[in-house]
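Chemist: Return a 3D structure for these sequence lines:
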Amino acid sequence: METTKKKTGLYWILFLLSVAVFFGVLFSPVGNYCSMVLPFNCTLLAMALDLM
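Modeler: The predicted structure is shown next:
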């Protein structure tokens with residue numbers, strides 16, 4: 001079975017951006033909505049690690 005290297009650089013950039021947005025929302029006046037960003041963080045981390 002051959003293994004091919006996938007390009008995950010874009011997913012890493014999007015993951016780091018989503019983490020920054022998470023902390024931006026967390027420390028803003030509407031910090032209660034920080035859990036709305038968590039699905040993006042988890043999905044993009046899984047895509048960056050090539051789990052999906």
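Chemist: So which residues of the protein form helices?
Modeler: Counting by DSSP state H, the chain forms helices over residues 9-26, 38-48, given from the N-terminal end onward.
Chemist: so Cys34 makes contact with Val19?
Modeler: No. Contact criterion Cβ atoms under 8 Å: Cys34 and Val19 do not qualify, at 11.3 Å. Every residue, glycine included, has its C-beta placed from N, CA and C.
Chemist: circling back: got a markdown table for the helices of the chain, with distance to Thr3, mean neighbour count and mean pLDDT too?
Modeler: Shown next, in a markdown table, are the helices of the chain (distance: least, Cβ to Cβ, whole Å; neighbours: other Cβ atoms under 10 Å; pLDDT from 0 to 100):
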| stretch | distance to Thr3 | mean neighbour count | mean pLDDT |
| --- | --- | --- | --- |
| helix 9-26 | 18 | 14 | 94 |
| helix 38-48 | 17 | 15 | 94 |
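Chemist: Can you tell me what sits against stretch 43-52?
Modeler: Stretch 43-52 is touched from outside by 6, 8, 11-12, 14-15, 18, with contacts defined as Cβ atoms under 8 Å, 6 or more residues apart in numbering.
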